[in-house]
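*Asks:* return a 3D structure for these sequence lines:
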Amino acid sequence: MNKTFSLSTVEKIPTEDAVVFLEKPEGGWRWVLDKELAGVPPIQRLVFSMGRAGIKCVNLLCRGLDPVARGMLEARLGQDPRCRAEVRVVEATAFRPPEAWQANGGGRRVLLARGDLVTTPATVRQFLQERGRAATGSGLCLIGVHELIHYVGRFISGEPVFDAAPPDVPDVSGGYTDFVESAPSFRQAERRLLDHYRHHYTQLFDVYFNSHFSIPISSFLVRLPVTPNQVTLMGLAIGALAGWFFSRGDYTSGVLGGLLLAFTAIWDCCDGDVARLKFMESDFGETLDTACDNIINVFLFGGIAWGVARNFGLGHALTPFLFLAIGGFSIFALIYFPGGGKGDFFKGTRVYDVILLLASRNFIYVILVFALAGHLEWFLWLAGFGSLAFALFLWVAWSRIRCQAEA
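*Replies:* Got it, this is the predicted structure:
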């Protein structure tokens, strides 16, 4: 699960203000104001994305929206803790640029956006960092304050606003934009948005296997009143059930445990999807996700060891389990404690790439293979020796890096 985005991690953006032109779509207001697209109504999704991209003030200019609905929209956005920008909802004919925008001779730049735009914080952030180098079809435009009145006038008169933007600039590379104008476009935008979030995965199995199952599950979960942390705890329960099956020691239970464990790898992608799609990322959520992953590992290896003890005796299970416990604790200490985060101490070295590969949960599918072969005891010995070897590798790398830093 991603940490909360901080502006300190990127270059300063060229504007802190945005103007959104909001008009009634072909299918009616509900397609942008009320109907949830991947868990969040489109207009809220746009405002939340702008806030996470560094926009401090969003002016929603409406055309044809009655005063009661405008007031309700402004109140809803103002009371939502996910909204990081100050929001003003006004009738377009009554809009006047704030006096502060005229400072420095009116050289301030303002971000313009279509009200039916569906995008992501990363896309808006990239657009701003590239100083607006995007095609007019993106639904975004970066202009000077003096030009703003011209654009507002076009909007009030019903003329296409973004056709007036420069047509000869390239599209935002790797970004995502879509529009909600009717029921078909709404469904298309939701499918494309969900598919776009595959780009957040970094692990090999997540990209090429798990995501094909997790995306459909996430698209269902975002429609439910569940939080990402609740999804994480559900995954913990599934992992505990897998451990119980492993502890029974028979072939059928081992296979069922392996299948459930594989499902936890798929489910592990869903809490991050829900957090990003619903704009509910948090540092606590990331910590909880890491803690639950480690607890699942305890259930997993403890269950396998118990099942092996049932079949081959306590001595046959205890030795590899002790190796695994010593190696696992050492790995955890070397990864998390020296740098204050997962592998932070090793960042910038090749060791960090090895950590991301070996400290991931891709080994789950190796367990499933051993379970299908009916030899989980072999995996227990392999895991015991493997954890000791990896711990030794990390300790040597840690010692060398520390010596180099002190030299």
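
*Asks:* contacting residues around the closest residue to Ala397 other than its chain neighbours?
*Replies:* In space, and not counting its chain neighbours, Ala397 is closest to Val351: 4.5 Å by C-beta to C-beta, 6 or more residues apart in numbering. Placement of C-beta: from N, CA and C, glycine included. Counting by C-beta atoms under 8 Å, 6 or more residues apart in numbering, Val351 touches 394, 397, 401.

*Asks:* mind listing what's buried in the helix or strand containing the last one?
*Replies:* Think Ile401. Applying DSSP states H and E as the criterion places Ile401 in helix 376-406. Of all the residues in helix 376-406, those buried under the rule 16 or more other C-beta atoms under 10 Å are 376-377, 379-381, 383-384, 386-388, 390-391, 393-394, 397-398, 401.

*Asks:* other SSEs contacting that helix?
*Replies:* Where contact means 3 or more C-beta pairs under 8 Å, 6 or more residues apart in numbering; DSSP states H and E, helix 376-406 is packed against helix 283-312, helix 314-336, helix 350-358, helix 363-373.

*Asks:* try 6 Å
*Replies:* Helices and strands touching helix 376-406, by 3 or more C-beta pairs under 6 Å, 6 or more residues apart in numbering; DSSP states H and E, are helix 283-312, helix 314-336, helix 363-373.

*Asks:* chain center to the longest one: distance?
*Replies:* Meaning helix 283-312. Relative to its chain's centre, helix 283-312 lies at 24 Å (C-alpha atoms, centre = their mean, to the nearest Å).

*Asks:* packing partners for it?
*Replies:* helix 228-248, helix 314-336, helix 376-406.

*Asks:* pLDDT on that helix, on average?
*Replies:* In this model, helix 283-312 has an average pLDDT of 92.

*Asks:* could you give the angle of it to helix 228-248?
*Replies:* 10 degrees (axes from the mean of the first three to the mean of the last three C-alpha atoms, to 10 degrees).

*Asks:* then the last one?
*Replies:* With the same axes, to 10 degrees applied, the angle from helix 363-373 to helix 228-248 works out at 30 degrees.

*Asks:* show me the shaky parts of the stretch 251-400 of the chain.
*Replies:* 339-343, 358-360 (pLDDT under 70).

*Asks:* so what touches stretch 330-347?
*Replies:* With contact meaning C-beta atoms under 6 Å, 6 or more residues apart in numbering, stretch 330-347 is reached by 352, 355, 390-391, 394, 398.

*Asks:* distance between the ends of it?
*Replies:* 19 Å (C-alpha to C-alpha, to the nearest Å).

*Asks:* now that stretch: buried residues?
*Replies:* For stretch 330-347, by 16+ other C-beta under 10 Å, it's 330-331, 334-336, 338, 342-343, 345-346.

*Asks:* on that earlier part again, export the helices and strands packed on helix 376-406 as a markdown table, with columns for distance to Ser247.
*Replies:* Output for those, formatted as a markdown table (distance: least, C-beta to C-beta, whole Å):
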| stretch | distance to Ser247 |
| --- | --- |
| helix 283-312 | 4 |
| helix 314-336 | 11 |
| helix 363-373 | 13 |
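
*Asks:* domain map for the chain?
*Replies:* Listed domain ranges for the chain are 7-196, 201-406 (source: automatic domain parsing).

*Asks:* tell me where the stretch 51-200 of the chain has strands.
*Replies:* For the stretch 51-200 of the chain, the strands defined by DSSP state E, counting those that start in this stretch cover 57-63, 86-91, 109-114, 117-119, 140-144, 177-179.

*Asks:* just the mean pLDDT for the longest one, thanks.
*Replies:* If I follow you right, that is strand 57-63. Averaged over strand 57-63, pLDDT sits at 95.

*Asks:* return it as CSV; C-alpha atoms alone will do.
*Replies:* The C-alpha coordinates for strand 57-63 follow below in CSV (Å, rounded to 0.1, in the frame of the first residue of the first chain):
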residue,chain,number,x,y,z
CYS,A,57,-7.4,25.9,-4.5
VAL,A,58,-10.0,24.4,-6.9
ASN,A,59,-12.7,26.7,-8.4
LEU,A,60,-15.6,24.7,-9.8
LEU,A,61,-17.4,26.9,-12.4
CYS,A,62,-20.8,25.5,-13.1
ARG,A,63,-23.2,26.1,-16.0
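
*Asks:* I'd like the distance from it to the chain centre, please.
*Replies:* The answer for strand 57-63 is 27 Å, by C-alpha atoms, centre = their mean.

*Asks:* and the last one, by the same measure?
*Replies:* Between the centre of strand 177-179 and the centre of its chain there are 19 Å (C-alpha atoms, centre = their mean).

*Asks:* direction included, what does that strand pair up with?
*Replies:* As defined by DSSP bridges, the strand partners of strand 177-179 come to strand 117-119 (antiparallel).

*Asks:* minimum distance to Ile55: which of the helices and strands packed on helix 376-406 has it?
*Replies:* Distance to Ile55, taken as C-beta to C-beta, is lowest for helix 283-312 among the helices and strands packed on helix 376-406, at 22.1 Å.

*Asks:* secondary structure element for the residue nearest the centre of the chain?
*Replies:* What sits nearest the mean C-alpha location of the chain, by C-alpha atoms, centre = their mean, is Arg276, with 3.8 Å. Per DSSP H and E, Arg276 falls inside helix 251-277.

*Asks:* hey, which of the strands of the stretch 51-200 of the chain is tucked in deepest?
*Replies:* strand 117-119 (a mean of 27; mean count of other C-beta atoms under 10 Å).

*Asks:* who wins for proximity to Asn294 among the helices and strands packed on helix 283-312?
*Replies:* Of those, nearest to Asn294 by C-beta to C-beta is helix 314-336, at 7.1 Å.

*Asks:* tilt between the helix holding Ile401 and helix 251-277?
*Replies:* 40 degrees.
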